[in-house]
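>>> My questions are about this predicted structure, shown below with the sequence.
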Amino acid sequence: MYALRIAKIIPQPNNNITFQLESLIGDYPRYKAGQFITLSFMFGDREVRRSYSFNSSPDYDEPLSITVKRVENGEISRLLHHTIAEGDIVQAMEPQGLFTYEPDAHKVRTLFLFAAGIGITPLYSILKTALLVEDKSKVVLVYSNSASDQTPFREELEEWAMKFPDRLTIVWIYSNSKYLMKARLNRDYILSIVKDHLAGEKEEALFYTCGPVIYMDLCRFTLLGMGFDANQIKRETFLLPENEEDDDDESEKEIDTTSYRIKLHFQGESYDLEVPYNKSILDVGLEHKIKLPYSCKSGMCSTCISQCSKGKVRMDYNEVLTDREMENGRILLCTGHPTVEGTEIEVL
């Protein structure tokens, strides 16, 4: 854990707050554009972790910064919005996440960033890194909000656009617009944006999306239909979809209520655990006081990626692992359940 001081609190539109953080002894690790930080809060013996993307860039001379949206009935959201003050100390883990941008000063490409609301945070970090490190690449930010005055970082983004007029294009989308065809992102709008702004080789273009799942699915399916490769399209999920079940599927679901014993290998130690059907591998590990890595607990980050070396594991939800990785035995502890007695797992 690293101790970070809240250096400055900056109000943002639409119930968001930016926190500038500083390390007490200057030892916080360097992060990559697009990554997130996990904060840890103790309430007696109970630990609660929450992850927030950096909106700051590691390639720009600025403080570590995250932006937090106020969530109704959100335990940590309320704490950060109403209790935490400048000068307070928070505990943080190392930067994490696979939604990263690796700049290459020699690259000539177009980078498309699709953001909805507070989904701008990791994309703002990526935008700054791309503009500062790659002097030949173009950046196109497509940014959806309810209204101009409800847009986080609007003034700052306009300043970046003025600094890089030939390399940064921002497409502002507001749902209160009177021009209904461009009030929300849609398939035809994506087609026209890409057609108008794609420069360089099509194979070199990259697309990063961050927002509601339905928003990112729209972007992904449209781009795949345009002939872009799946590896060119990245996504970062903040919230789980509200309804994962198919409404048309009325078949009876068979639930395995068996408890399975597993062997968990972590940091040179091996643990024999019994995992009931209604608990994840992570839940059981934490109950046994094993200090396993985790952050979101919902299959949306990469913190708890592990390797199933024997047996089989099913996952309730997965926003991180590819089909190939799962075929090769990669799993997520936080949503993983063993389905075979004697399953063995290596925590990476």
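That came in fine, so what should we check first?

>>> Near residue 181, how many other residues are there?
Using other Cβ atoms under 10 Å, residue 181 has 9 neighbouring residues. Yep, even glycine has a C-beta here, placed from its N, CA and C like the rest.

>>> Please read the previous query as pertaining to residue 219.
For residue 219, the neighbour count with other Cβ under 10 Å is 23.

>>> from what I can see it touches residue 115, true?
No - Residue 219 is beyond contact range of residue 115, at 10.4 Å (criterion: Cβ atoms under 8 Å).

>>> Overlap of the contact sets of these two?
Common contacts of residue 219 and residue 115, defined by Cβ atoms under 8 Å, 6 or more residues apart in numbering, comprise residue 209.

>>> Outline the domain layout of this structure.
Per automatic domain parsing, the structural domains of the chain span 2-92, 110-236, 260-347.

>>> quick one, phi psi at the spatially closest residue to residue 11 that is not a sequence neighbour?
What sits nearest to residue 11 in space, not counting adjacent residues and going by Cβ to Cβ, 6 or more residues apart in numbering, is residue 17, at 5.9 Å. Torsion angles at residue 17 (phi, psi; degrees, to the nearest 10) stand at phi -140, psi 130.

>>> Counting neighbours, what do you get for residue 17?
By other Cβ under 10 Å, neighbour count at residue 17 equals 18.

>>> how far out from the middle of the chain is stretch 102-122?
Its chain's C-alpha centre and that of stretch 102-122 lie 14 Å apart, by Cα atoms, centre = their mean, to the nearest Å.

>>> Helices of the stretch 151-300 of the chain, start to end?
154-163, 187-197, 213-225, 281-287 (DSSP state H, counting those that start in this stretch).

>>> Would you tell me which one of those is buried the most?
helix 281-287 (a mean of 20; mean count of other Cβ atoms under 10 Å).

>>> Kindly export it (C-alpha atoms) in CSV.
Provided in CSV are the C-alpha atoms of helix 281-287 (Å, rounded to 0.1, in the frame of the first residue of the first chain):
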residue,chain,number,x,y,z
ILE,A,281,-12.9,-18.2,-5.3
LEU,A,282,-11.9,-14.7,-4.2
ASP,A,283,-14.6,-14.6,-1.5
VAL,A,284,-13.4,-17.8,0.1
GLY,A,285,-9.7,-16.8,-0.2
LEU,A,286,-10.4,-13.5,1.6
GLU,A,287,-12.4,-15.4,4.3
